[in-house]
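Asks: Everything below, folded, please.
(one chain, ligands or ions: 1)
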Amino acid sequence: MSKIVEVNVQSEIGKLNGVILHTPGEEVENMTPENAERALYSDILNLSIARKEYKQLSEVLGKITKTYQVKDLLTNILKDDAIKLEVLNRIEKIEPFIAEVTPKGSIKDQLLDEDAENLARLLIEGVEMKRDTLTKFLNKDWYDLRPLHNFFFTRDASMSMYNEVLIGRMANAVRDREAIIMQSIFDFTPGFNTKTLSLNTESDPLRKLTIEGGDVQIARDDILVIGNGMRTSTRAIDALMYNFINRNEDKVQHILVQELPHSPESFIHLDMVFTFLDKDKCMVYEPLIMSPGNYQTVHIKIQHGKLISIRREKTLLHALKKLGMDLEPVYCGGEDETWNMEREQWHSGANFFCVAPGKVLGYARNNYTVEAMNNAGFEIIRANDVISNKVDLSKYEKYMITIEGSELPRGGGGARCMTMPINRDAVEW
Ligand SMILES: NC(=O)NCCC[C@H](N)C(=O)O
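Replies: The predicted structure is shown next:
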């Protein structure tokens, strides 16, 4: 594992110095048609194809920055017995059945006996059900501990916010263990030199307070842009607002909130309809971001331990412009046909990951979006040409590296969803 870099992310676009990834493993295939929907997928993925596509993403990133794999980071902390017990205690809080004693012993005891590497694998890929009681014998499920099918979307369960890490409060219980694992990684890996921050959910048994990383974007060191929809609730954004109020800082903190539709499922997170591309460019799904209709943009301003104002803005781009970020939109699906916009948004066409200002990664399959990027001045470079050193990236001021994606988008996300940046250079605005 390469030397750990400290957590510090002050923008969406600063030059990337470290990113956390998770190569899709057996957990992706540990699924049946019956439970695919419960797993938050629209279909069962073919792992060997998904892995081939994912390899393009991880190898390109490996050429550009330091990459860390969740499984390695988790194995590393689990080598310490006290931490191993603490991680399992944390999991027991959300999945109490692991401590239940059955004729063959509890799952927790079984897990405590595993070495660090195997334990990390089991916590991600799932633990097959031991049918040692009648209840389990007749149970239709295959797993005692469910596989974390969505973990390759490392964006969502934790988010680097300035020099801290905000831990996701997932909208669906099937992703809860991801948040526990990420929190433990950041709590117990000294090199990250950070503090984890969890929103207070003690009085929230009905899971009304939820926040996921796909909705949280660090526009600038004083501006957060947050989506409010299926996955991130107003209550969670309020809790974050109180957190900034309680910091009582001289610095102004802006939170721009963009309401999102609750269907179709491709609108799950803000990053499916809006991402930053450069100091002066962003990717938008035009029908929502440029013409939001009833979906409001709200500007919350905090300073000196007080809420200074909370007001409606015309659109997200207007609000950003008023704060000095004048962004030219590039349209997902191109400018001509709503039909193409809808199709390409569905396949995560707006979901770009920035590795430096004007340098981004996105899916190759979205032809109209790729053309729009090219028209906006981005050189289009195939991932395999970067991996085989056929192109020298330092020659290009602006580029889009295209990743093949036929299986990966069926899991519900793109390049931004699959990356959790931990350190970026400051941007010279
Ligand atoms: N940031 C993102 O948009 N992440 C994609 C998550 C997809 C995953 N199947 C989910 O529904 O949570």
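Asks: ok now do the residue of the stretch 201-350 of the chain found nearest the ligand, which residues does it touch?
Replies: Closest approach between the stretch 201-350 of the chain and the ligand, counting by Cβ to the nearest ligand atom: G214, at 2.4 Å. Backbone N, C-alpha and C define where each C-beta goes, glycine included. Listed by Cβ atoms under 8 Å, 6 or more residues apart in numbering, the contact set of G214 reads 153, 155-156, 227, 231, 268-272, 413, 416-417.
Asks: what subset of these is also close to the ligand?
Replies: F153, R155, D156, I268, H269, D271, M272, G413, C417 (Cβ under 6 Å from any ligand atom).
Asks: Now list the buried members of those.
Replies: The neighbour-count test (16 or more other Cβ atoms under 10 Å) marks F153, R155, D156, I268, H269, D271, M272, G413, C417 as buried among the ones next to the ligand among the contacts of G214.
Asks: quick one, phi psi at the residue of the stretch 1-150 of the chain found nearest the ligand?
Replies: Shortest the stretch 1-150 of the chain-to-the ligand distance, computed as Cβ to the nearest ligand atom: residue-wise this is L40, at 3.5 Å. Dihedral pair for L40: phi 70, psi 30, per degrees, to the nearest 10.
Asks: thought it was touching L148?
Replies: No: contact criterion Cβ atoms under 8 Å: L40 and L148 do not qualify, at 10.9 Å.
Asks: Looking at those two, which one has more neighbours?
Replies: Comparing L40 with L148 by other Cβ atoms under 10 Å, the one with more neighbours is L148, at 25 against 18.
Asks: residues in contact with the more buried one?
Replies: Per Cβ under 8 Å, 6+ apart, neighbours of L148: E27, L123, I124, E125, G126, R175, R177, E178, I181.
Asks: Pretty sure it sits in a strand.
Replies: No: checked against DSSP: H, G, I helix; E, B strand; the rest coil, L148 lies outside a strand; its state is coil.
Asks: Begin at 18, not 1, for the rest of this chat.
Replies: Yes, from this point I'll number from 18; that puts the last item at L165.
Asks: per-residue pLDDT, it?
Replies: At L165, the predicted lDDT confidence score is 95.
Asks: show me where pLDDT drops low in the stretch 268-417 of the chain?
Replies: Within the stretch 268-417 of the chain, no range satisfies pLDDT under 70.
Asks: Do a quick rundown of the strands in it.
Replies: Along the stretch 268-417 of the chain, counting by DSSP state E, counting those that start in this stretch, strands occupy 270-276, 291-295, 298-301, 314-320, 323-330, 345-348, 370-373, 376-380, 396-399, 416-420.
Asks: Start from the N-terminal end of the stretch 118-267 of the chain and give the helices.
Replies: 124-129, 133-142, 151-155, 193-205, 251-264 (DSSP state H, counting those that start in this stretch).
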